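Engineer: no sequence for this one, just the structure:
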């Protein structure tokens, strides 16, 4: 593949989604061929699965069911949107990918990081991100941001207690230690302008080395 696959990861309220959309425009203005997308979602089938997964009324959803639905949405999104873009030489910026499943379902929900990774290997084969940016902010501060943002999408995960989000955070720390060559940590406990500048500079430096 000629393109570069860059994923944005982090807990609730980390600011990654806002930064991704901002950088999509900035990188495009700099002459890069960029495609911005998200998980779960990005295409019609995966967006429908997203609604099922995140519907606040689906409180009876079992953990393994949830993990499998995420993997199914990921597979369809990958085949239909991400891989064609990479083959066309685009820089794909994706809001969440496999690390979200590993941190949320694997660690926080106790299914096991390795077990969830196995499920997702079936879905993605060997297509791992070239670079993953982990937006690092303490869970309580991230949740405070969510409470202050009335326009943000509310979903089933927002109903989880603080302890769950702390476990998600711990999961990301484990992943950052396990994949140091791929995962780069961004200090997200700054102003959005500061975070945006740090991310833009790092991505440009990363792309220039390719």
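Structural biologist: Great, that's in hand. Keep in mind it's a predicted model, so treat the numbers as computed, not measured. Residues are numbered from 1 along each chain as shown.

Engineer: can you tell me how far residue 185 sits from residue 60?
Structural biologist: Counting by C-beta to C-beta, to the nearest Å, the gap from residue 185 to residue 60 is 36 Å. Every C-beta, even on glycine, is put in place using the N, C-alpha and C of the backbone.

Engineer: with residue 203 instead?
Structural biologist: Here the criterion is C-beta to C-beta. By it, residue 203 lies 40 Å from residue 60.

Engineer: with residue 179 instead?
Structural biologist: Computed with C-beta to C-beta, the distance linking residue 179 and residue 60 is 33 Å.

Engineer: more crowded one of those two?
Structural biologist: Higher neighbour count among residue 179 and residue 60: residue 179, with 15 against 6, using other C-beta atoms under 10 Å.

Engineer: wait, what's in contact with that one?
Structural biologist: Under the criterion of C-beta atoms under 8 Å, 6 or more residues apart in numbering, the contact list for residue 179 reads residue 132.

Engineer: could you check the pLDDT of it?
Structural biologist: Each residue has a pLDDT score; the one for residue 179 is 98.

Engineer: over to residue 151?
Structural biologist: You'll see residue 151 listed with a pLDDT of 70.

Engineer: what do you get for residue 195?
Structural biologist: Listed pLDDT for residue 195 reads 98.

Engineer: could you find the closest non-adjacent residue to the residue positioned nearest the centre of the chain?
Structural biologist: In the chain, the C-alpha nearest the mean C-alpha coordinate belongs to residue 96, at 1.4 Å (C-alpha atoms, centre = their mean). Beyond its immediate neighbours in the sequence, the residue positioned closest to residue 96 (C-beta to C-beta, 6 or more residues apart in numbering) is residue 39, lying 4.3 Å away.

Engineer: what about that neighbour, distance to residue 191?
Structural biologist: Taking C-beta to C-beta as the criterion, residue 39 is separated from residue 191 by 26 Å.

Engineer: show me which of the two is the more surrounded one.
Structural biologist: A count of neighbours by other C-beta under 10 Å puts residue 39 above the other of residue 39 and residue 191, at 21 against 9.

Engineer: my read: the more buried one touches residue 94, true?
Structural biologist: Yes. With contact defined as C-beta atoms under 8 Å, residue 39 reaches residue 94; the gap is 6.3 Å.
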